[in-house]
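*Asks:* 3D, please:
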Amino acid sequence: MVQDLFLERVDLLPLARLAFRSGGWTSALGQNLAFEVAFQPLDDRQEERMNRTQAAWAYALHGHDDDTYMLGDETYKPDPQSSEWRFGSMGHPHPATCPECGGKVDPDYIHPGYRVKKRRRDITATYDGYLLVSAHLRKVLQDHGATREDFVALPADPDYFWLRPQIALDYAAAERARHCASCRQFADEVVPIPVFLGKLAEPIAAGVYRSCLEFGSTPLKAFQVVVGVRTALAIQAHPLVGIELEQLRA
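*Replies:* Numbering: from 1, shown residues only. This is a model prediction of the structure:
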């Protein structure tokens, strides 16, 4: 029985920690072994795995809802009995959307008269998937890896910019549904999976990026914006309003 206790130490590690903390091993031998195994130094491979899962390898950048739509306020329901709605009017769908499913098909569209509503913020998001940043935040991002091409000016609002990173990262959606034969997009793509994290050899240092997919349900889908670790630290170091940073771990 004593021999059975001396199994390979790495296999005992989770059990030993649990048993020691919960008082599950009552014999002196069992308690001593649990203490010794639970608090032994991690080998290099274990330490590398733990560091990889605990440290942030990038950050997702979010903003609160601006309570506005870039595609405008005019909407309609193709079927009055359904909850489904689209931008435009009956018989005249919005020119930036698919006439069949209502999803956005013009990736460059900006309403010529759009202005940000929540103007005290340095970052804000429209309901239909546009992440907008102030000139202040734009400068911080450009000083830490972003390029001029990552920002699109708003014709009617020189104080804000659409943050649309040029480099796309590999993402997947946990669920995809309602494929449109016309525009070949899925109306529903939910639960972002950052596939790119598993392909990194080290954390992303700086810069801004976006997911290769847009998430949500038509007509309110948006890509996820990702920033490097040093870029996130720079954002946190400045007095910016409305910022939300979410750690992305491998």
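
*Asks:* The closest residue to Pro203 other than its chain neighbours and Ser211, how far apart?
*Replies:* Among residues not flanking Pro203 along the chain, Trp57 sits closest, at 4.2 Å (CB to CB, 6 or more residues apart in numbering). C-beta here means a position set from N, CA and C on the backbone, and glycine is covered the same way. Counting by CB to CB, to the nearest Å, the gap from Trp57 to Ser211 is 15 Å.

*Asks:* quick one, which of those two is more surrounded?
*Replies:* Neighbour totals were compared for Trp57 and Ser211, and Ser211 leads with 25 against 21 (other CB atoms under 10 Å).

*Asks:* and that one, what are its bridge partners?
*Replies:* For Ser211, the beta-bridge partners under DSSP bridges are Leu169.

*Asks:* Also His179?
*Replies:* With DSSP bridges as the rule, His179 is bridged to Phe186.

*Asks:* Next up, the contacts around it.
*Replies:* Neighbour list for His179: 185-187 [criterion: CB atoms under 8 Å, 6 or more residues apart in numbering].

*Asks:* now it: how far from Leu163?
*Replies:* For His179 relative to Leu163 (CB to CB), the value is 29 Å.

*Asks:* swap in Glu74?
*Replies:* Glu74 sits 25 Å away from Leu163 when distances are taken as CB to CB.

*Asks:* out of these two, which sits in the busier spot?
*Replies:* Leu163 (24 against 12).

*Asks:* isn't the residue nearest to Pro203 right up against Ala250?
*Replies:* Yes - at 5.1 Å, Trp57 counts as touching Ala250 under the criterion of CB atoms under 8 Å.

*Asks:* Common neighbours of those two, please.
*Replies:* Joint contacts of Trp57 and Ala250 (CB under 8 Å, 6+ apart) are 197, 200.

*Asks:* And the pLDDT at Gly228?
*Replies:* You'll see Gly228 listed with a pLDDT of 97.

*Asks:* And it, how close does it get to Asp188?
*Replies:* On the measure of CB to CB, Gly228 and Asp188 end up 30 Å apart.

*Asks:* Those two - which one has more neighbours?
*Replies:* A count of neighbours by other CB under 10 Å puts Gly228 above the other of Gly228 and Asp188, at 21 against 15.

*Asks:* And the helix or strand containing Leu233, what's buried?
*Replies:* Take DSSP states H and E as the rule and Leu233 turns out to sit in helix 229-236. Of all the residues in helix 229-236, those buried under the rule 16 or more other CB atoms under 10 Å are 229, 231-232, 234-235.
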